[in-house]
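Undergrad: Sequence first, then the predicted structure, then my questions.
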Amino acid sequence: MAIQKNLACFIVSHPLNKFKGSFGTHSPRLFIRNPSSFLRLGTSICLLQRILAPFHSRSSSDRRTLFNNRRSMLDLITNLDDALKLFDEMTHRQPLPSVLKFNQLLQAVTKMKHYSSSIAFFKQMNVVGVPVDVYTINIVIKCCCQMYRTNEGFVILGFAFKRLVVPNVCTFSTLLHGLVLEDRVLKAEILFKKLIKEELCEPNAIMYSTMIKGLCNFGNNNTAISLLKLMDRKGCEPNVVTYSTIIDSLCKDKMVDDALKLFKEMVFHKGILPNVVTYTSLIHGLCNLCRWDEVSKMLKEMEDERIALNVRTYSTLVDALCKEGKVEDAESVINLMIERGTNPNIVTFNSLIDGYCLRGEMSKARKVFDFLGFRGLAADVMTYSTLLNGYCKNSNIEEAMPLFHEMIKNGMKPDVITYSIMLEGLFRVGRCKAALELFYEMRAHNQVPNECTYTIVLDGLCNNNQVDEALSLFHLMGDNKLNSDIFVYTVLIDGASKSGKLDIARILFNGLTVKGLQPDVRTYNVMISGFLREGLVGEARVLFSEMEERGCSPNSVTYNFFLQGILKNQQHDKVEMLLQEMDGKGFSLDASSVSLLLDHIKDRSLDASLLKLIGKLVPKDGVDAPSFMV
DNA sequence: GTAGGGTTAG
């Protein structure tokens, strides 16, 4: 296949090769397979005998078996069916096996993510009279929390109290984590404070880290940092996880410099070594800000510290390169990771597919998609959505539609994003009827349209001269948060004015204040361009000068719209002043403004002396390339 | 001798 040939070519010349041999320093033990995983379980009785045998004799060799059994339980139970049979056997034993054995079984089931089964086992344990302990309680609470049913976790806690089982710091950390998972940070804070105040347990690093994670999820980085300092003062040493949590949060909030500061504090003041996770967060943050030199520096640091990149680190690089349009380099990175013994996963390839889609190279995107099977990977909902998005954005609904059906046939459930992508694709090619059918179909499949979906539908209707339909749908939506969304309004105002219904656009715009909505710069921009489209330069100018007073500064787009408007309306005397203003504000001309200006200079309606100023306002070409691949 | 926390993608 051509793509495979390409992959081979790219790897040879790739500059990341200079790090070769350093990232992939995998310990050989990674390749030693656990022999027990080859054991096939015949019957559960055999399994039961293996696990319970040591409890009926106490010789030294049996104690060794017992020690080995610790691994056996987790390793041998590889499916729910075995676990069920074993549990059934155990509950029928006389005398009953110890709670430890039950806990191990529960833990094995929990590790397989069969949370509700774990809870069912727990209930059955109580029925048959196994005396549960704090370990049992903790496992079961974790199951509740993982299922986003933390309240039930608290019920279990109450049960524990009744049974005189004393909860410990693990119990409360699990519950705290459950609240964090459910975004109930306020409740988490209350619990955390209560634990300290009532001395129910002594918080340790894990508990602090959990609370810190909750605060970070809520965007409360500062409080998270305060808590980090507090734990330090309380003599509870933060570790690499604690620091990485905050570093990641800062990076996600684009506060990479703060993250780097914290990183330095961790390494140089605390002597805590960063790990691959810490570096991955920083690299991700730096990639998002296109700070390629520093990405390169981080990679070098990892090399020096002998910290191997993992699939997430590589995927971060692949994704960043793809978003920069450097898809070939992304392929090189994928080849490199394979060479170094890290297998790319479906996430890695989704980024690559998206990269080709963004460049409109759909046949290459498709080849990567078809190639997944060869690597033992299966496309997931996101893979399909990415490829569908590529086809739809490139107006190729003929390819998208069968793929969409294929996805459903393969047992994949399109989500609200998939539907939104398809809707956008259908509207783009003018197939409004099919789009509306799909819009109603998605609800039949329990996919609730979100703001984005509605915006696509309203925009699609407006662009296809169905403003009236758009407006009636908008009113049908009722008085919910969707029609108090300024973005949705902006789409409607734009749609109405573009289809020549400026009066409706004006009514919508003027109605904003009544609704208590503040127009944003995009709203002003579409309204101004609406006025200019109709030659209403005066009204456009009024709005243009009013927006600043109303606390919304015009941006580069506003100036370009306004400039194009006055050029089209032959108001040449205003041009120079506007250009000066743009220069003063550091704005630049877009491609259509430049070409329009040049046309007017060519036909002498504008003076050629403006060329110097225009030259100043043309943006410098070319985006900085990631230097770690130059 | 079993239990609790952190990283990637539309």
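TA: Arrived safely, thanks for sending. Residues are numbered from 1 along each chain as shown, chains lettered A, B, ... in the order given.
Undergrad: Residue ranges in chain A under the pLDDT threshold?
TA: A:1-74, A:478-484, A:620-630 (pLDDT under 70).
Undergrad: let's see it at 80
TA: Along chain A, segments meeting pLDDT under 80 span A:1-76, A:477-485, A:620-630.
Undergrad: Spell out for me which residue occupies the centre of it.
TA: With distances taken as Cα atoms, centre = their mean, A:K252 lies nearest the centre of chain A, 10.2 Å away.
Undergrad: Now do it against A:S281, distance only.
TA: 8 Å (Cβ to Cβ, to the nearest Å). No exception for glycine: its C-beta is placed from N, CA and C like everyone else's.
Undergrad: same thing with A:L436?
TA: A:L436 is 43 Å from A:S281, by Cβ to Cβ.
Undergrad: Check A:L471 too.
TA: 46 Å.
Undergrad: Of the two, which one has the most company?
TA: A:S281 (26 against 19; other Cβ atoms under 10 Å).
Undergrad: residues touching the more buried one, list them.
TA: Residues near A:S281 by Cβ atoms under 8 Å, 6 or more residues apart in numbering: A:S244, A:I247, A:D248, A:C251, A:A259.
Undergrad: domains in chain A, as residue ranges please.
TA: Chain A resolves into domains spanning A:36-167, A:486-629 when parsed by automatic domain parsing.
Undergrad: what about the first one and DNA strand B, touching?
TA: Same thing as domain A:36-167. Yes - with Cβ under 7 Å from any atom of the strand as the criterion, DNA strand B is reached by domain A:36-167 at A:67, A:70, A:98-100, A:103-104, A:107, A:110, A:133-136, A:138-139, A:142.
Undergrad: which of the residues you listed count as buried?
TA: A:V99, A:N103, A:Q104, A:Q107, A:T110, A:D133, A:Y135, A:T136, A:N138, A:I139, A:K142 (16 or more other Cβ atoms under 10 Å).
Undergrad: Give me the subset of the residues you listed lying in helices.
TA: Within those, residues falling in helices by DSSP state H are A:V99, A:N103, A:Q104, A:Q107, A:T110, A:Y135, A:T136, A:N138, A:I139, A:K142.
Undergrad: what's around the closest residue to the fifth one other than its chain neighbours, how many residues?
TA: On the basis of Cβ to Cβ, 6 or more residues apart in numbering, the spatially nearest residue to A:T110 that is not a chain neighbour turns out to be A:S118, at 4.9 Å. When counting by other Cβ under 10 Å, one arrives at 27 neighbours for A:S118.
Undergrad: Let's verify A:S118: helix, strand, or coil?
TA: Put simply, A:S118 is helix when judged by DSSP: H, G, I helix; E, B strand; the rest coil.
Undergrad: quick one: it and A:E398, what's the gap?
TA: 48 Å.
Undergrad: Over to A:G178?
TA: For A:G178 relative to A:E398 (Cβ to Cβ), the value is 47 Å.
Undergrad: ok, now A:N79?
TA: In terms of Cβ to Cβ, A:N79 sits 43 Å off from A:E398.
Undergrad: ok, back up a step: and A:G178 and A:E398? which has more neighbours close in?
TA: Neighbours were counted for A:G178 and for A:E398 using other Cβ under 10 Å; A:G178 has more, 27 against 9.
Undergrad: residues in contact with the more buried one?
TA: A:I141, A:C144, A:C145, A:Q146, A:Y148, A:T150, A:G153.
Undergrad: Work out for me the element it sits within.
TA: Using DSSP states H and E, A:G178 maps to helix A:169-181.
Undergrad: What residue, apart from its backbone neighbours, is nearest the residue of the stretch 351-500 of chain A found nearest DNA strand B spatially?
TA: Nearest residue of the stretch 351-500 of chain A to DNA strand B: A:M382, at 2.5 Å (Cβ to the nearest atom of the strand). Among residues not flanking A:M382 along the chain, A:N350 sits closest, at 5.4 Å (Cβ to Cβ, 6+ apart).
Undergrad: Name the residues of the stretch 251-400 of chain A found near DNA strand B, please.
TA: Residues of the stretch 251-400 of chain A lying near DNA strand B (Cβ under 7 Å from any atom of the strand): A:252, A:275-278, A:280-281, A:284, A:310-313, A:315-316, A:319, A:345-348, A:350-351, A:354, A:380-386, A:389.
Undergrad: Please indicate which of these are buried?
TA: Using 16+ other Cβ under 10 Å, the buried members of those are A:252, A:276-278, A:280-281, A:284, A:310-313, A:315-316, A:319, A:346-348, A:350-351, A:354, A:382-386, A:389.
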